[in-house]
Structure formats: C-alpha cells, structure tokens
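A.B. asks: sequence plus predicted model, see below.
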Amino acid sequence: MDAVLLAQGALNGVMLGLSYALVALGLSLIFGIMRIVNFAHGEMFMLGGYVAFYLFGTFGINYFVTLALAVGIVGFIGVILEKFIFRPLTRRPEVAMTSLIAAVGLAWVFQMLAVICFGELDKDIPTAFKGIIRLGGVVLTWERFVAIMLGVALVVLLNLFLIKTKFGKAIRAVAEDKEAAALQGIQVNRISALSFGIGSGLAAAAGVIITSIFVVNPSIGGDVILKAFLVVILGGMGSTSGAMLGGLLLGFIESYGGLFFSVPVVSVITFALIIMILIVRPQGLLGRE
Amino acid sequence: MKKAVGYVCLVVILFLIPLFTQHEYILHILCLIGINIIFACSINAILNIGELNLAQAAFMGIGAYASTVLVMRLHLSFWVAMPLAMIVTAVISLLIGFLTLRFKGAYFLLFTFLFAELMRVLLSNFGIGIFGGIPGLTSIPKPSIRLGDLIVIDFSSKTAFYYLILTLVIFTVVVLRRVDKSRIGMIFEAIRQSDLLVESIGISTMKFKVLGCAIGCLFAGLSGSLYAHFVGIITPSDFAIHAVLAPIAYVVIGGIGNVFGPVIGTTTLMVLSNFFLRQFGFFELLLYGIVIVLIVRFMPEGIISIPRRFFGKRRIPDPEEVKTDGAS
C-alpha cells in the first residue's frame, strides 16, 4: 500500500467525515436542547440538495449564495416545525415516543412531497468548480476541495457562534439546564426554535455540499440519518466536539475500510467498533453522563 | 361482568367474520392486522419498562428466520418450530438485554438502532447458504394439521390462517394482560415511573428489565414466525429499522401502556392505510404521514383516551407540564 493511496483515502475520509459531522451536529444540537431524536433530520439534508438543484443547477444562481439560501429556507422550515409540532409535544409526558412518531410521520410527508414535486429519479447537479488539484501524486477535484473547506468553515463558524455569541451561550445554557436558564431570563422557547433552525440549516448545508458532488433523490435522507445516528452514538449525544470527532472517525473508517474490505465487512467492522466503544464508554467518546 | 360480556361478544364476532366474507383481500388484510397486533403488543410490553426498542423488528426477524430455518432446513413441523422460534428470540433478547439495558432513554434507543442495523447487515451478507442473503428465503411452506388420515387442516387457505392468527392474537392479549396485572407487572410499572426508587427499596431493576424485554421479544418472535409462514417470503430488509417505525406509530397512536392501545391503534391505522392505498394509490404515504402527525400532535395520549376525553373526568395537569409552562 503506497503513501499516495493512503493520502487519497485520508482526503476522502475528511470529506465524508465533515459532511456526516455537519448533519450530526444539527441532530445533536436539537437533541441537546429539546431532548428529542429527530428522525426527519435527514429530510432537511434532502431539501438542501433540491434547493441546490433548482437554484444553482436550474437558475444558475451563485454556488455560495445558493448555500446561504438553502440554510435560510430549510432553517425556516425547521423553525416552523419546532413551533407548531415539536414544542407542543415537549410539554407533555411521553415526549420521547410522541416526538419520535411525529418526526417519522414528517419524514414520510417530506419524502412523498419530494417524490410528487421533484420526481423519484436521481437528479444530477452540475459541477460547480471544475478542474483538479495535484499534490504530489494525490489527485483532488476542486469540487471536493471546496467541499472540505466549506465543511471546515461551517464547523468553525458554529463553534464560534456557540462559544462567543450571546445566543450561542444561551443555547448551551438551555442544553445544560432548562429551568436554570429560564431563571436567568433566557427565553427557552426562542432558543429552542433557534437551535432547531440552526440544526436544520446545517443539515441543508451538508445537503448542498454533498449532493452537488453526488446526486439527490427523495430517499437520500434515510441513508443520511443512519450515518448521523452512528456519528451521534459514537461521539456522544448532545456533544458538539463529539459529533465532530465521531463524524471524522466514521468518514475515515469508511474511506480506509473501503480500500481493504468489501462494503458489508466495513459495516460489520464499523458496528463492532462502535459497540466496543459503547461498552467501555456508554455515553460516547466525548459525551457526558 | 359487563366488560366480560363485551369481550366475549367481540371475540364471537371476530370468529364469525369468515362466515360473512370469503373475500381473499379482506381476509389477507385481517391476517396482517393480526400479526401486526401481536408485534405492536410486543413493542408495548417493552414500553412498559419505560424503554423504546428500535430493534424490535430485528427480533421479529430473528423469530421469522429461526422458524423458517427450522422448518425448511431441519424439516421440523411448524408447530414445533413456532414455539422454538419464540424461545430462540427470547434467549437472544436476554443476551442483548444484559448488554443494552444498562442504558436508558435516548442511549438505549440508539443502541438498539445499532443492533437492528447490525442484524440487517449480517443476515444480508453472511451465512447465505442458510439465510439466503439479500433476496432472503422464499416459498416458505404453510403449516398444516394432520389428525390421523381423515382430518387434514391445510393453512394455505386464508380462512384457516385467519383462525390461527385470531387465536394467537387472543392468546397474546390475554397473556400480556395477565402479566400487566401480576406482581411482576406492578414492578414493571414502578420501574417505568422511577427505576431509582425501585432500586432503592432493594429490587434489582436490571433483572426485571431484562425479564420484561424477554417477555416482549417472545411475542416479537411469535409475530415473526407467523409473518414468515403467512407471507411466504422473508428478506433482511423486511425487518430493518423502517419496519419498526410504523408499528411504534400504532402503539403510540393507540395509546401507550394499556394492552388494548396497540390493538386499537394497529387496527385503525392499518385499515386507514389500506383505505388510502386503494383510494389514492400513490399518495398513500403522504396522507398517512399527515394523519399520524396530526393525531400525535393533537391527541398525544392516543385513541384510547377518546372516551375518557368526552365522558371521563378532567385530566389532572401533569407537574412536568406546569413546570415547563412556567419556564417559558
């Protein structure tokens, strides 16, 4: 196995890992604030992909403007869902069950709406950045290079937002302790709407970035949510750095595993690894009790 | 007494249905509803210890595969294979239970999700000679009873299978109701409300949680075995994660906790979904999704709470509810 192949694998791993991390960060953020597992989160990724297909692919709007619009549009959908469906459910007992079912129902609705509005077939988004970069023997398309850079930028931005800004601090405070945060004058409802919006927006951003490299179709959300769950389990529920670490780890396992083993063997290895990690650290790698 | 008469009437009506309709389609749907009721009850049994098991479909799959492999590869009779499949499922659930029931809430949810995916990948790619890989196992034989040479009941007819399933649905509901009302059921309920409290009076919650999980999985195995022999084809993706989501919706929409919740929920939603399928075809899943979201949103206690809503006393507000309202 030569160094070039290993480096190539690493780059693919980083790209996959960052996109998994973006989706998982949103999922984790929403779980941290509202204590619900949002099964419809993958559909936000899918919607992001369709925004990219229509705005960038069909109407030719600038790639970065499309990305911002996708985050805005899908983020707004997230806020609406939080306000009218999930928030009322969190006021009742059995919220874990009811919110899960509501999210599953929503996922079906979004999938079917996508089939009806956009058709069942794969849609190919035109290449945004043509050409390749050569570093030694390693080949990287500009498209993938931009994807990696955008992933890093979004993760850094999110972390700065959570650490430095007032709203970010409020989000962390609510995740820590809802009542105590409310006593400090933080408007818990507004914060949970905000984090649902940001979480959904992040998934949409990942959708734009990834589907413009691959393709988008109505059922893509289901595959994405599976990966995001693995990442969240691996990294720890509600932990931002955990989602990052978990995402990258999963990206690397898949990328390198694919070099040496067949796909099912890679899945089994991934599961076995995650189960072993969980036996030692049930709360995930960076999660707290 | 009044209640008992009601139950007996209901059972008699259910047993008489095939006399009024021999329509294949209706009997087919009724059989599937019955299998799903057993499965939904098994999910509910685990909800009774306060956990939601996303791997429940995987346990149904274990039951289905165990029963099929016993019948097709080892040439056992269905009547031996079915109880054996239930036991196999329960034993595997004991092992998984000891591993996963240390976790609670969302962690348990995600761990069981992991197990469900693992099962699907294993069944699709390993032991293909026995389990058939991704295409699964086909032409699974229908059970039959041979009493001497004269009486042969062949369950390839939908009517006969309907009676078999109906009997087993009643068996499931009766057994689970018995468990609910027993001392063990009371401990389950106590664990659901506060496992710390139960632990503090010297009861090993772990032991009872594993037991509760095994009881649930026993019936998941039963539903799997019935499903395999009724439908005749099983594939690994029949028991993947998406296969458990609809039945969880049956339980939640019927009403969590009570044995009759899953029965009512399954019947209502499956009838509705088949109605949508026939009326609107393509749009079925869209309407179904909307209905589920609306019911959960506006009736989170399930259909079983309707009579109470209209005729019963006002619900006493939950302390949790008051607290969050005050905080917002």
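C.D. replies: Looks like it came in fine. The structure displayed is predicted, hence computed values, not measured ones.
A.B. asks: just checking, next helix/strand downstream of the strand or helix carrying residue A:149?
C.D. replies: Using DSSP states H and E, residue A:149 maps to helix A:142-164. Next helix or strand after helix A:142-164 toward the C-terminus (DSSP H and E): helix A:166-176.
A.B. asks: what's the angle from that next one to helix A:142-164?
C.D. replies: Helix A:166-176 and helix A:142-164 are oriented at 80 degrees to each other (axes from the mean of the first three to the mean of the last three CA atoms, to 10 degrees).
A.B. asks: what comes into contact with helix A:166-176?
C.D. replies: Contacts to helix A:166-176, defined as CB atoms under 8 Å, 6 or more residues apart in numbering or on different chains, come from residues A:29, A:32-33, A:160-163, A:180-181, A:184, A:186, A:188, A:191-192, A:194-195, A:238. For every residue, glycine as well, the C-beta is placed using N, CA and C.
A.B. asks: returning to that earlier point: who's in contact with the helix holding residue A:149?
C.D. replies: Contacts of helix A:142-164 (CB under 8 Å, 6+ apart): A:11, A:14-15, A:18-19, A:21-22, A:25, A:67, A:127-133, A:167-169, A:171-172, A:198, A:202, A:205-206, A:209-210, A:212-213, A:240, A:244.
A.B. asks: run the chain-centre distance for the longest helix seen in chain A.
C.D. replies: With secondary structure taken from DSSP state H, chain A has its longest helix at helix A:3-34. Centre-to-centre, helix A:3-34 and its host chain are 8 Å apart (CA atoms, centre = their mean, to the nearest Å).
A.B. asks: got it, and stretch A:107-126?
C.D. replies: 19 Å.
A.B. asks: does it reach chain B?
C.D. replies: Yes: counting by CB under 8 Å from any CB of the partner chain, chain B has neighbours in stretch A:107-126: A:107-109, A:111-113, A:116.
A.B. asks: in that stretch, what's buried?
C.D. replies: Buried residues in stretch A:107-126, counted by 16 or more other CB atoms under 10 Å in any protein chain shown: A:107-112, A:114-115, A:118, A:123, A:125.
A.B. asks: what mean pLDDT would you report for it?
C.D. replies: Mean pLDDT, stretch A:107-126: 91.
A.B. asks: just stretch B:307-322 next, same as before
C.D. replies: 58.
A.B. asks: and stretch B:61-78, by the same measure?
C.D. replies: Here the average pLDDT along stretch B:61-78 is 93.
A.B. asks: buried ones in that stretch?
C.D. replies: B:61-72, B:78.
A.B. asks: same question for stretch B:119-139.
C.D. replies: B:119-125, B:131-133, B:136-137.
A.B. asks: now flag whichever of these is closest to residue B:255.
C.D. replies: Using CB to CB, residue B:119 is the member of the buried residues of stretch B:119-139 that lies nearest residue B:255, at 28.9 Å.
A.B. asks: and residue A:23, how many neighbours does it have?
C.D. replies: When neighbours are defined as other CB atoms under 10 Å in any protein chain shown, residue A:23 has 32 of them.
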